[in-house]
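J.: What follows is a predicted protein model with its sequence.
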Amino acid sequence: MSCYSTLFLFMNPFHFIEYIKTTITFHIPHVLLICFSTTMRRKRHTTFLLSLLVILIFATFSLHTSRNAISSWPQYSDIHNRHRKLNTTSHVIILKNPNNLVNELARQTRRVSSIKDSSISLSTTVSILLPDWEILVIVSPNTPLSSSLHQHHYCLFPNNVKSLATFSGSLPFTNRTTFKCDFPESVRRRRMFSQPMLVTDPTQNEFHNHNPTPELIRWNFLVYESFSTDDDVVLFAKGVNNRQRYDRSPHELRCVFDFDFGDVIRSDVTSSVQEVFRCPHPDPSELDYYSYEPQRIKISLEIVNENIVVPSVAYYTPRPKPKPTNTFITPKAQEKHFLCACTMVYNVGKFLQEWVMYHSKVGVDNFVLYDNGSDDDLYDVVEELRGEGYNVTTLFWIWPKTQEAGFSHSVLYSKAKGLCKWVMYVDVDEFVFSPSWGQEHEFGSLRSMLALPEERGIRVGQVSIRCLEFGPSGQQGNPVKGVTQGYTCRRKGEQRHKSVVLVDAVDGGLRNVIHHFEVDEKKGFRTKQIGMEEVVVNHYKYQAWDEFKSKFRRRVSAYVVDWTQALNPKSKDRTPGLGFQAIEPKDWQNRFCEVRDLRLKFLTQSWFGSITPNGYRMAWQRQSR
């Protein structure tokens, strides 16, 4: 076999053509020389050495021609490396050019990709790694989606692995569609976690992107929401104040407004409490921000001394333009509800009717539900309740472990909408009642509890109510007639407190812990403790095992530990005697049963029970349930 024949055996035609174009001045003369020498000598061992040399040349050439494929997945391009250092554990971005803080971050999600029609460009999505290896994909407004959100979507990862993406909801304040998908095990082993591509074609198995792929944002360090009031802007952020009761000084922080085309405005942070940060609106004289689309103005936090900008998926809404002063028509203000009940919910559809109907009976005018990503029939139940005349407001609040932040947001929302005078913060498994209700000539109402006179300049801004915790009471499943009928055995001592707060009395920092707010003491507001003989909360906390396990796998508090981790075993957020595994104890059905308490059971029977052709039923029971 000749030398040239051997060379052609080791190289395909396409590679050979490219090889001739790029390396003819160097490689071919050397190959000819080798072939000439080999022909002259014609020794077997020399032929063998020649074959090895040809293989080596081909391997070198193949590596040379494929380097673009290898380098198409660098962690960051040279430009990015010149501007930042990346801590891949916490996703902290440290920028060496502070004049372009948010622009540098924003470019991670604005790149244009070469993709098929069945894909949504990475430039129009941003993805966040949530707890439990779950990914939240946020799609920019006006992005063409499938004609039906019920069509299957998939998260496609750089290693061409897919996972099913389910529609979660639309963010209410920025009109962004969200999907959730699982983070595949094989992708977790990669050196860098890259953002997936959202696709609708189940057969698409190629990740099309010629630019460096943005890194997956980590949930533990992120500005995730903002709210504009008349006076300032409120940001909600994870990872800036990491420990309970330890908050950064506002002087360490600044709000950064990125106007998308290189214009950046900063303002000082005036308050830093838990996950809530406040700062003034940008000065309109600095930039005509009314000319920008609100969904294009990104807002974030800068940690000044560390030269760090927090990754952000939040957008700024400018305060409304001043209204003309020559108008003669003053719109009638909406009348506030005297008492609202607010809670954060997840898959509580089967409990909601009982909770709403009961509390409406005792004086609650409006119910505000922060939906933490429910995938049950919650909204069907809400529509049914609305059809029956109940006022139920829902806000999609997808952010995990943010109960305190959600309650802070509810105060801002209520003020902005003129929605509520008082807000009661209790969960759907908690029922507020007075032991005096149901007695002769006594009708249940919470309004009298809140009609408290001002005494010596002290104004009641919050009422605190003690709780009683009920156990499984022998139940093996969700009681058909409702929790007030099925759970009747409780612990003896009181446990914690829940609150009803005057919205105008809440301190500007918006701090709240375990359903209690800090009130503005400078204005004379105080918290009043109500005696258990007046009002009490029945907390149906330890229910039948399946219900209990489902609820406690998704605790929504910002500071609650994962119950499967062997941390803080004496915390009140843990279940006494349960341990760290989701395994039902043998005596679970009879636990926490120290006192048989039938008071609320009999009261609700007298109010909501009736004899029907199908037997004795409670008003919230439905044929389909």
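T.: Structure's in. What do you need?

J.: Output the helix or strand containing Val463 as CSV, nothing but the C-alphas.
T.: According to DSSP states H and E, Val463 maps onto strand 459-469. Only the C-alpha atoms of strand 459-469 are listed here, as CSV (Å, rounded to 0.1, in the frame of the first residue of the first chain):
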residue,chain,number,x,y,z
ARG,A,459,-53.2,52.6,70.4
VAL,A,460,-53.8,48.9,69.8
GLY,A,461,-52.1,48.1,66.5
GLN,A,462,-52.0,44.3,66.8
VAL,A,463,-54.0,41.7,68.7
SER,A,464,-52.2,38.4,69.6
ILE,A,465,-54.2,35.2,70.1
ARG,A,466,-52.9,32.0,71.7
CYS,A,467,-53.1,28.7,69.9
LEU,A,468,-54.1,25.1,70.9
GLU,A,469,-52.6,22.3,68.8
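
J.: So that it lines up with my notes, have the first residue be 30 from now on.
T.: All set: I'll call the first residue 30, so the last point we hit is now strand 488-498.

J.: Pull the contacting residues for the nearest residue to Lys557 once chain neighbours are set aside.
T.: Of all residues not flanking Lys557 in the chain, Val489 sits nearest, at 4.8 Å (C-beta to C-beta, 6 or more residues apart in numbering). C-betas here are computed from N, CA, C, even on glycine. By C-beta atoms under 8 Å, 6 or more residues apart in numbering, Val489 lies in contact with Leu481, Glu483, Leu531, Phe554, Arg555, Thr556, Lys557.

J.: so what pLDDT did the last one get?
T.: Put plainly, it is Lys557. Looking at Lys557, its pLDDT reads 93.

J.: On the three-state scheme, it is what?
T.: Three-state call for Lys557 (DSSP: H, G, I helix; E, B strand; the rest coil): strand.

J.: Looks like it contacts Gln491 (just checking).
T.: Yes - under the criterion of C-beta atoms under 8 Å, Lys557 is in contact with Gln491, at a separation of 7.1 Å.

J.: which stretches of the stretch 430-579 of the chain form strands?
T.: 449-454, 459-462, 488-498, 518-519, 526-531, 541-542, 545-546, 554-558, 565-568 (DSSP state E, counting those that start in this stretch).

J.: and Gly511, which of these is closest to it?
T.: In terms of C-beta to C-beta, the element of the strands of the stretch 430-579 of the chain nearest to Gly511 is strand 459-462, at 10.0 Å.

J.: which helices and strands sit right next to that closest one?
T.: With contacts defined as 3 or more C-beta pairs under 8 Å, 6 or more residues apart in numbering; DSSP states H and E, the packing partners of strand 459-462 are helix 378-390, strand 565-568, helix 628-637.

J.: quick one: Cys500 and Arg520 touch, right?
T.: That one is not Cys; residue 500 is Gly. Yes - if you go by C-beta under 8 Å, Gly500 and Arg520 touch, sitting 7.0 Å apart.

J.: shared neighbours, those two?
T.: Common neighbours of Gly500 and Arg520 are listed as Phe621 (criterion: C-beta under 8 Å, 6+ apart).

J.: which of those two has more neighbours?
T.: Set Gly500 next to Arg520 and count neighbours by other C-beta atoms under 10 Å: Gly500 wins out with 23 against 20.

J.: residues touching the more buried one, list them.
T.: Tyr516, Cys518, Arg519, Arg520, Tyr571, Asn619, Arg620, Phe621, Cys622.

J.: are any of those buried, and which?
T.: When the contacts of Gly500 are checked for burial by 16 or more other C-beta atoms under 10 Å, the buried set is Tyr516, Cys518, Arg519, Arg520, Tyr571, Arg620, Phe621, Cys622.

J.: thinking again about what came up before, return the member of the contacts of Val489 nearest to Asn234.
T.: Nearest member of these to Asn234, counting by C-beta to C-beta, is Leu531, at 57.9 Å.

J.: Make sure Gly198 is indeed in a helix.
T.: No - according to three-state DSSP, Gly198 belongs to no helix; its state is strand.

J.: Look up the closest residue to it, ignoring the ones flanking it.
T.: Using C-beta to C-beta, 6+ apart, the nearest residue to Gly198 is Phe425, at 4.3 Å.

J.: Against Lys580, how distant is that neighbour?
T.: 20 Å (C-beta to C-beta, to the nearest Å).

J.: same thing with Arg625?
T.: As defined by C-beta to C-beta, Arg625 lies at a distance of 24 Å from Lys580.

J.: Between these two, which is the more surrounded one?
T.: Lys580 (19 against 9).

J.: Is the more buried one within a helix or a strand, and which one?
T.: Here Lys580 is assigned to helix 574-581, by DSSP H and E.

J.: Output that helix as PDB - backbone C-alpha positions only.
T.: The C-alpha trace of helix 574-581 is given here as PDB (Å, rounded to 0.1, in the frame of the first residue of the first chain):
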ATOM      1  CA  TRP A 574     -50.400  10.900  58.500                       C
ATOM      2  CA  ASP A 575     -50.600  11.400  54.800                       C
ATOM      3  CA  GLU A 576     -51.900  15.000  55.200                       C
ATOM      4  CA  PHE A 577     -49.300  15.800  57.800                       C
ATOM      5  CA  LYS A 578     -46.400  14.400  55.700                       C
ATOM      6  CA  SER A 579     -47.500  16.300  52.600                       C
ATOM      7  CA  LYS A 580     -47.700  19.600  54.500                       C
ATOM      8  CA  PHE A 581     -44.500  19.400  56.300                       C
END
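
J.: For that helix, list every residue counted as buried.
T.: Trp574, Glu576, Phe577, Lys580, Phe581.

J.: Where is pLDDT lowest across the residues you listed?
T.: Phe581 (65).

J.: returning to that earlier point: closest one of the buried residues of helix 574-581 to Tyr375?
T.: Nearest to Tyr375 among these, with distances taken as C-beta to C-beta, is Lys580, at 8.1 Å.

J.: separation between the closest one and Val338?
T.: Plainly put, Lys580 is 37 Å away from Val338 if you go by C-beta to C-beta.
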